[in-house]
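Student: All I have is the shape, not the residue letters:
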């Protein structure tokens, strides 16, 4: 039933948001020449890699410097990128990932292989379900970049503190994966973004 909801909501969302997609795409191109979309290899369900789609919010090639973003004003982020990140508009193209089955609307956020390689066998349980656009960890860590900005070693802070905390929150959904919980997380996410 969750997969059916994913298909219906993602298809409806893509059609409804098409005008917004066009406006965001135009703003990205005017602000910083280059591709509109950013594709990054992430680890999905059962450890299968897929290309996660986002609206590009950073300068071309910025991901070669670091895989994590530090602070709201990371110098790699474009002017338009700052706003599309702030309002989570950069995540909207992932509705396509949901439609084709790489992701779900709700589930653990997919990570890059570098960080998945640090998982313990217990933590790897997050790979037993489709990754999602939102989950309890996404809601709790909506200001993750600001937290990392306060660290002397953001990469180590992410690996040793944030990943374990996020996975503990992921397990809350994985262990109680119901349609009711699915809708609850979607509603909590909308409320958090609006606030």
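Tutor: Perfect, thanks for sending it. Being a predicted model, the structure only gives us computed values, none of them experimental.
Student: number of nearby residues for residue 27?
Tutor: By the criterion of other C-beta atoms under 10 Å, residue 27 has 19 neighbours. Quick note: C-beta positions are derived from backbone N, CA and C, even for glycine.
Student: switch to numbering from 42
Tutor: All set: I'll call the first residue 42, so the last point we hit is now residue 68.
Student: For it, which non-adjacent residue is spatially closest?
Tutor: residue 121 (4.7 Å; C-beta to C-beta, 6 or more residues apart in numbering).
Student: Going along the chain, name the helices of the chain.
Tutor: Using DSSP state H, the helices found in the chain span residues 43-57, 59-72, 120-127, 135-141, 154-157, 177-181, 185-190, 195-198, 204-215, 220-235.
Student: Okay, buried residues for the fifth one please.
Tutor: Buried residues in helix 154-157, counted by 16 or more other C-beta atoms under 10 Å: 156, 157.
Student: Next: the second one.
Tutor: In terms of neighbour count (16+ other C-beta under 10 Å), helix 59-72 has its buried residues at 62, 65, 66, 68, 69, 72.
Student: Which residue, other than its chain neighbours, is closest to residue 81?
Tutor: Once flanking residues are discounted, residue 81 sits nearest to residue 93: 5.3 Å by C-beta to C-beta, 6+ apart.
Student: Give the full set of residues in contact with that neighbour.
Tutor: Residue 93 makes contact with 80, 81, 82, 83, 135, 138, 143, 144, 151 under the criterion C-beta atoms under 8 Å, 6 or more residues apart in numbering.
Student: Can you give me the distance of the closest residue to residue 43 other than its chain neighbours to residue 174?
Tutor: Once flanking residues are discounted, residue 43 sits nearest to residue 223: 5.6 Å by C-beta to C-beta, 6+ apart. Going from residue 223 to residue 174 by C-beta to C-beta, to the nearest Å gives 12 Å.
Student: Off-centre distance for the helix or strand bottoming out on mean pLDDT in the chain?
Tutor: The weakest-scoring helix or strand in the chain, judged by mean pLDDT, DSSP states H and E, is helix 185-190 (a mean of 78). Here helix 185-190 is found 15 Å from its chain centre; the criterion is C-alpha atoms, centre = their mean, to the nearest Å.
Student: Would you mind pulling up the elements that that helix packs against?
Tutor: helix 195-198 (3 or more C-beta pairs under 8 Å, 6 or more residues apart in numbering; DSSP states H and E).
Student: Show me which residues of the helix it packs on are buried.
Tutor: 195, 198.
Student: Could you list every helix and strand that it packs against?
Tutor: helix 185-190.
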